[in-house]
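A.B. asks: task: produce atomic coordinates for the following.
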Amino acid sequence: MTSIWELDTPALLVDLDALEHNAQLMARRCAEAGIVWRPHVKACKSPAMALRLIDAGAVGVTCAKATEALAMARGGVTDILIANEVIGERKVARLVEVARLATLCVAVDDATNIREISAAADAAGVTIDLLIDIDVNLHRCGVTPEHAPALCALIADLPALRLRGLMGYEGHVMGLPDDEKERETAASAAILDRANGLCEAEGHEIGLRSGGGSGNYRYVLEQGVLNELQAGGAALMDLTYEQMGVEGHRRALSLLCQVVSAVNAERAAGDAGWKATGRHTGMPTVINPAGWRCVGLSAEHTHLSRDGGNALQIGDRVELVPHYSDSTVLLHRTLHAHRNGNVEEAWEISGSGALQ
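C.D. replies: Model (predicted):
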């Protein structure tokens, strides 16, 4: 069995004990609240990890793009939501590919797009489920509650489509202070609940009310308006989610680099720059060895500064926790799953680069 310290660097790592703890925690919290868990895999982009989350209790996964969903379906995931609008002939053709491999649901907010999906699915002999995307104050995608019943009626009239319910992603609340976050999560849920009431008043059956993210999922569970939670990033955990106040989770994702320069005892350079760590939300934290800090990132180098630790030598390994997993994992092709420092599996990050 290979030790993580023997891996070529930079090497992306996931601690299986921490991952399993996080996944079981999220699944249990959802079950206790009577909400199903459909974690977003835009952070991990690995079907092997997605299947671990399903084993822990998730009903399926959430994706951002059709190519990402296709990577998941080809990797064995059989129940997929694309929580995003998929527009245009080539992209809709990918939906058909996914629907041949898995149960597929897609977010929609436009009548032309709904007709386009129906025509492609009908021609291919597949059925695609739809969630009507409601703008819950993010002001990115989604219709107002008043426009939702007409889209429900259109879906009911067209072939090869099935109405699954409503979606409303409250991404604007994630970085707010706790009191504001709780209040704004409730305000977003109230908008989705209004859409639900308007649709049901016109005879449309709304099965799912889907949304939520790792940054606010405790409030989603407490408030009980949504019945499907899309939060997934906290399964990996990172510094961004810690700053958002996510509680009870353990850091599962880390990145191993190698010291390539150590010209004096006070500083060193590692071989994992921003092309390996990502950096748009902040600097990674050094967790091993103790007494060192990351003070900067170049394209290919980690800038390390001594903070009470022993002097580093070239060839020494340094373990970092990335600031935001979404900005890190997509830069890599392999996720090394380890337990107690021994690599058990190498998971392909087959969704990396899946932007279409």
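A.B. asks: all the helices of the stretch 201-350 of the chain, in order from the start?
C.D. replies: Ranges of helices within the stretch 201-350 of the chain are 217-223, 239-243, 274-277, 325-328, based on DSSP state H, counting those that start in this stretch.
A.B. asks: deepest-packed of these, please.
C.D. replies: helix 325-328 (a mean of 24; mean count of other CB atoms under 10 Å). No exception for glycine: its C-beta is placed from N, CA and C like everyone else's.
A.B. asks: can you give the contact residues for it?
C.D. replies: Helix 325-328 has contacts (CB atoms under 8 Å, 6 or more residues apart in numbering) with 12, 42-44, 233, 236-238, 240, 253, 255, 276-281, 322.
A.B. asks: swap in 6 Å and give it another go.
C.D. replies: A43, G233, L236, D238, L253, T277, G278, H280, P322 (CB atoms under 6 Å, 6 or more residues apart in numbering).
A.B. asks: likewise stretch 84-103?
C.D. replies: Contacts of stretch 84-103 (CB under 6 Å, 6+ apart): 64, 66, 69-70, 73, 78-80, 104, 106-107, 113, 116-117, 120, 124, 126, 128, 141.
A.B. asks: now the helices of the stretch 201-350 of the chain in CSV, with distance to G207?
C.D. replies: Converted to CSV, the helices of the stretch 201-350 of the chain look like this (distance: least, CB to CB, whole Å):
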stretch, distance to G207
helix 217-223, 17
helix 239-243, 29
helix 274-277, 41
helix 325-328, 29
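A.B. asks: nearest to T185, out of those?
C.D. replies: helix 217-223 (4.3 Å; CB to CB).
A.B. asks: what's opposite the residue of the chain positioned farthest from its centre in the beta bridge?
C.D. replies: Relative to the centre of the chain, the most outlying C-alpha is that of N264, 40.4 Å out, by CA atoms, centre = their mean. Following DSSP bridges, N264 is listed with bridge partners R267.
A.B. asks: against M244, how distant is it?
C.D. replies: Look at N264 and M244: by CB to CB, to the nearest Å, they are 37 Å apart.
A.B. asks: quick revisit: just the buried ones from the contacts of stretch 84-103?
C.D. replies: 64, 66, 69-70, 73, 79-80, 104, 106-107, 113, 116-117, 120, 124, 126, 128, 141 (16 or more other CB atoms under 10 Å).
A.B. asks: could you measure from the closest residue to A337 other than its chain neighbours over to L253?
C.D. replies: Closest residue to A337 apart from its sequence neighbours, by CB to CB, 6 or more residues apart in numbering: E345 at 4.5 Å. Using CB to CB, one obtains 15 Å as the distance from E345 to L253.
A.B. asks: between these two, which is the more surrounded one?
C.D. replies: With neighbours defined as other CB atoms under 10 Å, E345 and L253 compare such that L253 has more, 25 against 14.
A.B. asks: any idea of the pLDDT on the more buried one?
C.D. replies: The model reports L253 with a pLDDT of 98.
A.B. asks: I figured it hits L236, correct?
C.D. replies: Yes: L253 lies in contact with L236 (CB atoms under 6 Å); the separation is 4.4 Å.
A.B. asks: give me the below-cutoff pLDDT ranges for the stretch 151-300 of the chain.
C.D. replies: Along the stretch 151-300 of the chain, the model assigns pLDDT under 70 to no residue.
A.B. asks: show me where it has strands.
C.D. replies: 161-167, 208-211, 228-229, 253-264, 267-270, 285-288, 292-297 (DSSP state E, counting those that start in this stretch).
A.B. asks: and those strands as CSV, adding distance to R306?
C.D. replies: Shown next, in CSV, are these (distance: least, CB to CB, whole Å):
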stretch, distance to R306
strand 161-167, 49
strand 208-211, 45
strand 228-229, 43
strand 253-264, 9
strand 267-270, 7
strand 285-288, 11
strand 292-297, 6
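A.B. asks: can you get me the start-to-end distance on stretch 291-303?
C.D. replies: End-to-end distance of stretch 291-303 (CA to CA, to the nearest Å): 14 Å.
A.B. asks: what's in contact with it?
C.D. replies: Contacts of stretch 291-303 (CB under 6 Å, 6+ apart): 257, 269-270, 272-275, 279, 283-284, 286, 304-305, 307-309.
A.B. asks: repeat that for 8 Å
C.D. replies: So stretch 291-303 is contacted by 257, 260, 267-275, 277, 279, 283-286, 304-310, 312, 318, 320 (CB under 8 Å, 6+ apart).
A.B. asks: which of the residues you listed count as buried?
C.D. replies: Looks like these have 257, 260, 267-274, 277, 279, 283-286, 304, 306, 312, 318, 320 buried, using 16+ other CB under 10 Å.
A.B. asks: tell me which residues touch I35, please.
C.D. replies: Counting by CB under 8 Å, 6+ apart, I35 has contacts V220, L221, G224, L226, N227, E228, L229.
A.B. asks: as TSV, the residues you listed with distance to S350 would be great.
C.D. replies: Below are the contacts of I35 laid out as TSV (distance: CB to CB, whole Å):
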residue	distance to S350
V220	29
L221	31
G224	36
L226	29
N227	30
E228	25
L229	24
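A.B. asks: out of those residues, which are buried?
C.D. replies: V220, L221, L226, N227, E228, L229.
A.B. asks: tell me which of those residues is nearest to M1?
C.D. replies: L229 (35.4 Å).
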